[in-house]
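Novice: next come a sequence and a model predicted from it.
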Amino acid sequence: MTHAADALASELYLGLMSGTSADGIDAALVRFEGEGRTLRCELLHGRTFGWDAALRAQLVALGQGADMVSLDALGMLDGRIALAFAEAALSLLQEAGVPRGRVRAIGSHGQTIRHRPHADPPFTWQLGDGNVVAERCGIATVADFRRRDVAAGGQGAPLMPAFHAAVLGSAQEDRAALNLGGIANFTLLPMAGDVRGFDTGPANALMDAWCERHTGRAYDAGGAFAASGQVNATLLARLLADPWFALPPPKSTGREHFHLDWLQARMDDAVVAPADVQATLLELTARTVADALQMTQPDTRRVLVCGGGVRNHMLMARLAAYLPQAVVESTASHGLDPDYVEAMGFAWLARETLAGRPGNLPAVTGATGRRVLGTVYPA
């Protein structure tokens, strides 16, 4: 990793992201040059900052459908999340040795607490007040990226495909970028034709929650817990029968749909060993990812994986087994640290917003047109 202080002559942006798993705030300081197919981006410094345990428990509960008891509580949570994001940004800059005045803008995703693109009216909601981030950091901040796409008839997700296309696309082969976060999602990158993207279903959010409940560990390191069990075919079939999996793209989802109560309802009081459930959840992720790719871009020759799931060796092995026609590898093989691809993407989205360029792709989200995303909070 290049030390940030050696690269101050270029355009610097800082991206902040906390995903469905709410396992931490990913912060990435990025240098950009060019745009479109000539875009060059370099991660100068990246780090994940853990949530306060009590705050994380509240975020996970909200993501799974719990309700706040009052508007006051919701308002204070919005502020606490923003303060945590601001602290992450300032800590990252201190570690990198970069003065805040060198950063053009922060792209702050916030924390999703509800994602309801099929509600009437549809909505998506990310907490983490951009005013607070801008005020605490003294840096222009772009936040609230998803709601404009939803207002334009889109899913508001996924938003990374335009970034993936710029940094991972190829004119020599059909590729797919796969993010294995709390939810798994694809960006399809054909040699020619439209870039597409969509969620495929649960990934780390369900596996992490089950692992924490039965082992006390926040995640299944390397997939060892899953590897100690056996796939339960009956339970897998029940999980796969959820109608959401059969929906055509564009589609998106979150922890409010795929959570432990959803899993428990499909176990139907059956006694299944915890390790077998973990193995079955891992197989569910691998199977639904592979099925989605075979249905939408069967000639894919390379699957570039990012997100926490890239470190689950068991999951990566099952994906490779389901996709023998493709090379399944980390984005690290192409110069992008898999832990910070999304945070880098939100830094890029902030750059696009300030330049007045659209950040969504209607073929991905279903929006009626391209839109400039996010709200700008000046320094």
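Specialist: Noted; the coordinates are in hand. Numbering: from 1, shown residues only.
Novice: can you pull the contacts of the nearest residue to residue 370 once chain neighbours are set aside?
Specialist: Computed as C-beta to C-beta, 6 or more residues apart in numbering, the closest residue to residue 370 that is not its neighbour in sequence is residue 358, at 3.6 Å. For the C-beta atoms, the positions are set from N, CA and C on the backbone; glycine is no exception. Contacts for residue 358 (C-beta atoms under 8 Å, 6 or more residues apart in numbering) come out as 352, 370, 371, 372, 373.
Novice: the same query, at a cut-off of 10 Å, please.
Specialist: Contact analysis of residue 358 by C-beta atoms under 10 Å, 6 or more residues apart in numbering lists 148, 149, 162, 352, 367, 369, 370, 371, 372, 373.
Novice: how near is the last one to residue 220?
Specialist: With distances defined as C-beta to C-beta, to the nearest Å, the gap from residue 373 to residue 220 amounts to 34 Å.
Novice: one more: the second one?
Specialist: When distance is defined by C-beta to C-beta, residue 149 is 33 Å away from residue 220.
Novice: all the helices of the stretch 51-200 of the chain, in order from the start?
Specialist: Ranges of helices in the stretch 51-200 of the chain, per DSSP state H, counting those that start in this stretch, are 53-63, 71-96, 130-137, 147-151, 161-168.
Novice: tell me the most buried of those?
Specialist: Among those, the stretch with the highest mean neighbour count (mean count of other C-beta atoms under 10 Å) is helix 161-168, at a mean of 23.
Novice: returning to what we had before: any chance of the helices of the stretch 51-200 of the chain in JSON lines, with distance to residue 337 too?
Specialist: Shown next, in JSON lines, are these (distance: least, C-beta to C-beta, whole Å):
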{"stretch": "helix 53-63", "distance to residue 337": "23"}
{"stretch": "helix 71-96", "distance to residue 337": "14"}
{"stretch": "helix 130-137", "distance to residue 337": "23"}
{"stretch": "helix 147-151", "distance to residue 337": "26"}
{"stretch": "helix 161-168", "distance to residue 337": "12"}
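Novice: redo those as CSV? Include distance to residue 184 and mean pLDDT.
Specialist: Below are the helices of the stretch 51-200 of the chain laid out as CSV (distance: least, C-beta to C-beta, whole Å; pLDDT from 0 to 100):
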stretch, distance to residue 184, mean pLDDT
helix 53-63, 16, 89
helix 71-96, 24, 97
helix 130-137, 28, 98
helix 147-151, 20, 98
helix 161-168, 14, 94
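Novice: by how many degrees do the least confident helix or strand in the chain by mean pLDDT and helix 71-96 diverge?
Specialist: Lowest mean confidence among the helices and strands of the chain (mean pLDDT, DSSP states H and E): helix 53-63, at a mean of 89. Interaxial angle, helix 53-63 versus helix 71-96 (axes from the mean of the first three to the mean of the last three C-alpha atoms, to 10 degrees): 120 degrees.
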